[in-house]
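Engineer: the amino acid sequence is not available; the structure is as follows:
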């Protein structure tokens, strides 16, 4: 869950998060539908619901929202990986 522009919590399903990730990679609704093996209309509905929940007006604003709240990672931008316990680059 993340906060929206107004600071209220936003609850998104796993499928909605998956669609946000695919929108952020630049796929069209038709391409998302093909990749997820669902209808384009279903993708349209998911995106409409996501835009309403996140209080964003369009795909660009949605991707900005997702980057701001750490919901997507684009080309190592906004990515955070935690070191594993056996990471040799860690100092003790």
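Structural biologist: Structure's in. What do you need? Predicted model, so just to flag it, every value in this text is computed and none were measured.

Engineer: can you give me the buried ones in whichever strand or helix holds residue 32?
Structural biologist: When elements are assigned from DSSP states H and E, residue 32 belongs to helix 29-36. Within helix 29-36, the residues scored as buried using 16 or more other Cβ atoms under 10 Å are 29, 32, 33, 36. (Each C-beta comes from the backbone N, C-alpha and C, glycine too.)

Engineer: same check, this time on stretch 55-66
Structural biologist: Quick answer for stretch 55-66 (16+ other Cβ under 10 Å): 56, 59, 62, 63, 65, 66.

Engineer: redo these as TSV? Include secondary structure, pLDDT and distance to residue 16.
Structural biologist: Output for those, formatted as TSV (DSSP: H, G, I helix; E, B strand; the rest coil; pLDDT from 0 to 100; distance: Cβ to Cβ, whole Å):
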residue	secondary structure	pLDDT	distance to residue 16
56	coil	97	13
59	helix	96	14
62	helix	96	11
63	helix	93	14
65	helix	93	12
66	helix	92	11
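
Engineer: next secondary structure after the helix or strand of the chain with the lowest mean pLDDT?
Structural biologist: Using mean pLDDT, DSSP states H and E, strand 2-3 stands out as the lowest-scoring helix or strand of the chain, at a mean of 56. Using DSSP H and E, the helix or strand that follows strand 2-3 in sequence is strand 9-10.

Engineer: direction included, what does that next one pair up with?
Structural biologist: Paired strands of strand 9-10, with direction, are strand 2-3 (antiparallel) (DSSP bridges).

Engineer: contacts only, for the residue nearest to residue 59 when sequence neighbours are not counted.
Structural biologist: Counting by Cβ to Cβ, 6 or more residues apart in numbering, the nearest residue to residue 59 once its immediate chain neighbours are dropped is residue 23, at 5.6 Å. Residue 23 is in contact with 32, 47, 59, 62, 63, counting by Cβ atoms under 8 Å, 6 or more residues apart in numbering.
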